[in-house]
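Kindly return the folded structure for what I paste below:
(one chain, ligands or ions: 1)
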Amino acid sequence: MTALLSRICVAVAAHDDFDGWRDSARALIQAGVAPDRVVWTLPGAVAGDLFAACPAPDPAPDPAPDAPPVRASRDYLDLAGRAALHADPARFDLLYRVLWRLQRAPRLMADRADPDVRAIDALARVVRRDMHKMRAFVRFRVVRDADGADHHVAWFEPGHHILRANGGFFVRRFAGMRWSILTPQGALHWDGETLREGPPASRADAPAGDPVEALWRTYYAAIFNPARLKIDAMVKEMPRRYWKNLPEADLIPDLIASAQAREAEMIALGGQESGRPPESLAALDVAVAACRRCAIGCNGTRAVPGHGPAQARLMIVGEQPGDQEERAGRPFVGPAGQVLRDHARAAGLDLDAARLTNAVRHFKHVTGTKQRLHQTPTAREIDTCRWWLDAERHLVRPRVVLALGASAARGILGRTVSLQHERGRFVPLDDGVRLLITSHPAYLLRLGDDAREAEAARFAADLALAAQA
Ligand code: URA
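Residues are numbered from 1 along each chain as shown. Here you go, the predicted structure:
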């Protein structure tokens, strides 16, 4: 009874409130409250639960007058911040016990054989995996808002309390879209400017299927590579518990069953994939945003979709978005875009009437310095992204395509292009569209004064040709 009376009940305000928990934990340590005297209570715990054994939370204890500052190493904070999001109701007990021990043994986290350290590490690993799965498996369906704009809504069931912690990722990746992610723990809503939180939702609150879903299924079936099929590895990557919310998952049994036949077919086709392209530009943008088919798609930047009229007569294709384009979510808003705009104006070319897009949709760059420095995509990366550029061209149906530079020309033609030999004249494409190849405006920015003058004149002449066409 005495032991029970000496216990201190501390409420954690939300399941993922690591910062709040940390403030309480610091105060308890400074007041000298040992781990076995603390009961952490979580929202929603019901009477009778071990971790709800408190009738009411106690006030924060006063620190001992001579209490030293609380010590917590960086590796503890990193792991603890993640482990705190685990669904295990005993996690805050564990975190407090380790924090308590760290005051006496500051190098405790380096002892990977210690059972408490291993336990935190294991929780953190599970949470990291759950966050990754959410990033990979959220599937948006499009609904129309009252103002007629597209709103992308996804239903997802996280295994742990990761929704808020993953919010920043979805904001960065889908900054230009209006979206909501609904979960049983709460919801996130992004309107293009502000991220709001909403109450827990149920699956019935989310739309059940739409054209984007059909696209996902087509896309998945197209990229499913039977030659690489390893069922165990696939199930590990895409655990069965996520299948029920993945539009493409019900294709898996059939795809596996037909894998051998498709493998033979693929060998006969020289490895070409077959798939139906997306049926709308909105569907294309959603699918491109989720594309991870090459290293650039996996580098954590967001995809920059094409911009401009859906039925433009002129399509201008660049290489890939740059630093500013990636931040803005729009092509050609940076320095190269400014050069393009200046020359286009002089040539009488109305860029607002043109569709601006890129051969590669994600920003390839070198990290490690303060600036994100542009890196040229490889031929293979351009070829991987070609499926999207082709799809966009077939949806927009321009009469003229202006390719800026060799990467853009490769994106259209699917082969290496010599700018020197092929620029400045129209090349007919299979579907009757006329392709004009010119240099990339960023090239002008790199030239010295004399060379720039000559190149600017050629660039201007090419744009004038496009304007005439
Ligand atoms: N350069 C490109 O090729 N595309 C852009 O969108 C911006 C710069």
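
and the gap between the residue of the stretch 51-200 of the chain found nearest the ligand and H132?
Residue nearest to the ligand within the stretch 51-200 of the chain: G176 (13.8 Å; Cβ to the nearest ligand atom). C-beta here means a position set from N, CA and C on the backbone, and glycine is covered the same way. As defined by Cβ to Cβ, to the nearest Å, G176 lies at a distance of 23 Å from H132.

How about P35?
31 Å.

next one: A282
For A282 relative to H132 (Cβ to Cβ), the value is 26 Å.

E197 now?
Counting by Cβ to Cβ, the gap from E197 to H132 is 22 Å.

Check Y242 too.
Y242 is 11 Å from H132, by Cβ to Cβ.

Looking at these two, which one has more neighbours?
Ranked by neighbour count (other Cβ atoms under 10 Å), Y242 and H132 place Y242 first, with 18 against 14.

Check for me that the more buried one belongs to a strand.
No - Y242: not assigned to a strand; according to DSSP: H, G, I helix; E, B strand; the rest coil it is helix.

Count the residues that sit near the nearest residue to it once chain neighbours are set aside.
Nearest-residue entry for Y242: F137, 4.8 Å, with adjacent residues in sequence omitted and distances by Cβ to Cβ, 6 or more residues apart in numbering. The local packing of F137 (other Cβ under 10 Å) involves 19 other residues.

How much space separates F137 from G411?
For F137, the distance to G411 - Cβ to Cβ - is 29 Å.

do the same with V401
10 Å.

so what's in contact with the two at the same time?
Taking Cβ atoms under 8 Å, 6 or more residues apart in numbering as the contact rule, V401 and G411 both touch V317.

W388 in helix, strand or coil?
helix.

ok, so what distance separates the residue lying closest to it once chain neighbours are set aside from Y242?
Distances taken as Cβ to Cβ, 6+ apart put V288 closest to W388, at 5.2 Å, once the chain neighbours are dropped. From V288 across to Y242, the span is 22 Å (Cβ to Cβ).

Then T384?
Distance, T384 to Y242, using Cβ to Cβ: 25 Å.

List the beta-bridge partners for the residue in the stretch 201-350 of the chain positioned nearest to the ligand.
Per Cβ to the nearest ligand atom, the residue of the stretch 201-350 of the chain with the smallest distance to the ligand is G318, at 2.5 Å. Under DSSP bridges, the beta-bridge partners of G318 are N358.

where along the stretch 351-469 of the chain do the helices fall?
With DSSP state H, counting those that start in this stretch, the ranges of helices along the stretch 351-469 of the chain come out as 379-396, 406-413, 419-422, 441-446, 449-468.

now, of the ones you listed, which is deepest in the fold?
Neighbour counts (mean count of other Cβ atoms under 10 Å) averaged over each of the helices of the stretch 351-469 of the chain peak at helix 406-413, with a mean of 24.

between it and helix 379-396, how big is the angle?
60 degrees (axes from the mean of the first three to the mean of the last three Cα atoms, to 10 degrees).

List the contacts of helix 406-413.
For helix 406-413, contacts defined as Cβ under 8 Å, 6+ apart pick out 317-320, 358-360, 376-377, 379, 382-383, 385-386, 389, 393, 401, 403, 416-419, 422, 427, 429, 435, 437, 440.

now swap in stretch 165-178 and tell me
16, 85, 131, 134-135, 138, 140, 145, 149-152, 179, 181, 188, 190-192, 195, 285-286, 289, 302-303, 305, 329-330.

from the residues you listed, which ones fall inside strands?
Of the contacts of stretch 165-178, the ones assigned to strands by DSSP state E are 150-152, 179, 181, 188, 190, 195.

ok, back up a step: quick one: the residue nearest to Y242 and R241 touch, right?
No - between F137 and R241 there is no contact under Cβ atoms under 8 Å: 10.0 Å.

and T378, how many neighbours?
Neighbours around T378, by other Cβ under 10 Å: 15.

check contacts around it.
By Cβ under 8 Å, 6+ apart, T378 has no neighbours at all.

That one and K364, how far apart?
Remark: distance between T378 and K364 (Cβ to Cβ) = 9 Å.

same thing with G159?
If you go by Cβ to Cβ, the gap between G159 and K364 works out to 33 Å.

And the two? Which one has more around it.
Each of G159 and K364 has its neighbours counted (other Cβ under 10 Å); K364 has more, 23 against 16.

need the helices for the stretch 201-350 of the chain, in chain order.
Assigned by DSSP H, counting those that start in this stretch, the stretch 201-350 of the chain shows helices spanning 211-223, 231-237, 252-257, 259-268, 281-289, 323-328, 335-347.

what angle separates the fifth one from helix 379-396?
Taking the same axes, to 10 degrees, helix 281-289 and helix 379-396 form an angle of 170 degrees between their directions.
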